[in-house]
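Q: here is a sequence together with a model predicted from it:
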Amino acid sequence: MEFSRRDLALILPVLAAADAAAQRPQIAPLPAKVYHAAKIPYVGDEKKKGRAFFRGADHSGFDLEAHETVLGPGTETHAPHKHEHEEIVILIEGTAQTFMEGKTETVEAGSVIHFGSNQLHSLRNAGTTPCRYYVIELRGKEA
């Protein structure tokens, strides 16, 4: 079978796209399970430590991640930054100060924070005791 240059010009981009999709890392689906806190060690120090519970896809292929962070008094998670995925933060202990798009707000334990997509944000322990929170990252589907 012979192919003309025109045939190859049509076929090659399709083959390249298929190859790129095949090489894209696949996110393992999340199993239904309990993630026991006592079995997941912290990484870091008293100033900032955390632990990852899971990262994976739900039944529809939507990428999720959940982790916990503990900040010492006065410690900021990181400099204000933004990213495409959204985050839900559930403050469990302590007092935090959020920074969102140039505005700060003090947040007490039991509160929930939503950082939107591409929104400049950060979080800092505003209290005198450790601040502990859970983060659920809504990473989405790969294009």
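A: Perfect, I can see it now.

Q: can you name the element that comes right after the worst-scoring helix or strand of the chain on mean pLDDT?
A: Counting by mean pLDDT, DSSP states H and E, the chain has its least confident helix or strand at helix 5-23, which shows a mean of 56. Using DSSP states H and E, the next helix or strand after helix 5-23 towards the C-terminus is strand 43-44.

Q: who does that next one pair up with?
A: According to DSSP bridges, strand 43-44 forms sheet pairs with strand 48-57 (antiparallel).

Q: what angle sits between the helix or strand that comes right after the strand it pairs with and strand 48-57?
A: The first helix or strand that comes after strand 48-57 along the chain, using DSSP H and E, is strand 63-71. Interaxial angle, strand 63-71 versus strand 48-57 (axes from the mean of the first three to the mean of the last three CA atoms, to 10 degrees): 170 degrees.

Q: let the chain start at 39 from now.
A: Shifting the count to begin at 39 puts that one at strand 101-109.

Q: pLDDT on strand 101-109, on average?
A: Mean per-residue pLDDT for strand 101-109: 95.

Q: now swap in stretch 141-158 and tell me
A: 95.

Q: distance of the closest residue to H116 other than its chain neighbours from P69?
A: Nearest residue to H116 in three dimensions, chain neighbours excluded: S160, at 6.1 Å (CB to CB, 6 or more residues apart in numbering). In short, each C-beta sits where N, CA and C put it, glycine included. According to CB to CB, to the nearest Å, S160 and P69 sit 33 Å apart.

Q: in terms of neighbours, single out the busier of these two.
A: Using other CB atoms under 10 Å, the more surrounded residue of S160 and P69 is S160, with 17 against 7.

Q: next, the angle from the helix or strand harbouring that one to strand 86-95.
A: Counting by DSSP H and E, the element that carries S160 is strand 159-163. When the same axes, to 10 degrees is applied, the directions of strand 159-163 and strand 86-95 differ by 140 degrees.

Q: show residues contacting the helix or strand following strand 159-163.
A: Under the assignment DSSP H and E, the closest C-terminal helix or strand after strand 159-163 is strand 169-178. The contact list for strand 169-178 (CB atoms under 8 Å, 6 or more residues apart in numbering) reads 100-109, 111, 113, 122-134, 161, 163.
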